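**Student:** Here's my sequence, what's the structure:
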Amino acid sequence: MAKLRRWPGHGSLSITNHTLTTAKGAFNPSKALQSAWNKLAEGKELEWLEEYSVESLWHEMLHNRQKWAYLGRDNTAKRRTMELVTQWTARRTYPELLADLGGTASHLATIKSEGLGYGRYINNFDSLLAALKVDEGLLLNEMTRPIDTAPMDQYGGLLADWLAKQSGHKKRAISRALGNIKEGSGIFERELKELGFVK
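**Tutor:** So this is what the prediction gives:
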């Protein structure tokens, strides 16, 4: 869910002032972020959507750290993997930004599992990680590396290679699962069974 937009190569961010209807209620990214900033300055705890707006900002800040590469037009597998890596990592590292601003991530657990952006990608990826029995902490260390060092179009290969080494499963099968990360949960679960990741 692109609410905070990035202008590639310019290092700037644009935050929408449109109100979106979400499962968590009406969400206006600009207003939620402004409210979050004010509460952080006053030492107050953030509400869920306010904290999520900080996570969304952090997601876009991570984009600005990444090495740009052509990912193809529209919703390509490379683009999906890039957003997956960025979103999954942002949901686990945004507390660093909050801490720097004097706040705490009170809603971290539910933002990790119920965050609004790329929810299907994240839920499917978490299912894949569970099936592969991969430790989230180890993966987080691995995810931050390509964000800082590798071109975006290499994320899929790097991620599949690492997951294959950690799990003992074939890289090709993991790459296929990553390529289908956008599918509905039922379809993705069948994919995991077909690949032999779950019974």
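**Student:** any low-confidence regions in this protein?
**Tutor:** Residue ranges of the chain with pLDDT under 70: 1-10.
**Student:** hey, where'd the helices end up in it?
**Tutor:** Ranges of helices in the chain, per DSSP state H, are 29-42, 48-65, 77-100, 108-114, 119-132, 136-149, 155-167, 171-179, 185-194.
**Student:** can you state the direction angle for the last one and helix 119-132?
**Tutor:** Spelled out, that is helix 185-194. 30 degrees (axes from the mean of the first three to the mean of the last three Cα atoms, to 10 degrees).
**Student:** in helix 185-194, what counts as buried?
**Tutor:** Going by neighbour count (16 or more other Cβ atoms under 10 Å), the buried part of helix 185-194 is Phe188, Glu189, Glu191, Leu192. Bear in mind the C-beta positions are built from the backbone N, C-alpha and C, glycine included.
**Student:** Likewise for the fourth one?
**Tutor:** The neighbour-count check on helix 108-114 (16+ other Cβ under 10 Å) flags Leu108, Ile111, Lys112 as buried.
**Student:** Dump that helix to CSV, restricted to CA.
**Tutor:** Only the C-alpha atoms of helix 108-114 are listed here, as CSV (Å, rounded to 0.1, in the frame of the first residue of the first chain):
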residue,chain,number,x,y,z
LEU,A,108,5.3,-3.8,17.2
ALA,A,109,3.7,-7.2,17.4
THR,A,110,0.5,-6.3,15.6
ILE,A,111,2.3,-4.0,13.1
LYS,A,112,4.5,-7.0,12.2
SER,A,113,1.5,-9.3,11.7
GLU,A,114,-1.2,-6.8,10.6
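**Student:** what's it packed up against?
**Tutor:** When contacts are defined as 3 or more Cβ pairs under 8 Å, 6 or more residues apart in numbering; DSSP states H and E, helix 108-114 packs onto helix 48-65, helix 77-100.
**Student:** cool, the longest one as well?
**Tutor:** When contacts are defined as 3+ Cβ pairs under 8 Å, 6+ apart, helix 77-100 packs onto helix 48-65, helix 108-114, helix 119-132, helix 136-149, helix 155-167, helix 171-179.
**Student:** what residues does it touch?
**Tutor:** For helix 77-100, the external contacting residues (Cβ atoms under 8 Å, 6 or more residues apart in numbering) are 40, 51, 54-55, 57-59, 61-63, 66, 71-72, 104-105, 108, 111-112, 115, 117-118, 121-122, 125, 136, 140, 143-144, 146-147, 152-153, 155-156, 159, 178-179, 181-182.
**Student:** What of stretch 48-65?
**Tutor:** 3-6, 11, 13, 15, 24-25, 27, 29, 32-33, 35-36, 39, 46, 86-87, 89-91, 93-94, 97-98, 101, 103, 105-107, 110-111, 115-117, 147-148.
**Student:** Which positions in it come out as buried?
**Tutor:** Going by neighbour count (16+ other Cβ under 10 Å), the buried part of stretch 48-65 is 48-63.
**Student:** Would you pull up how far it lies from the middle of the chain?
**Tutor:** Centroid separation between stretch 48-65 and its chain, computed with Cα atoms, centre = their mean, to the nearest Å, is 10 Å.
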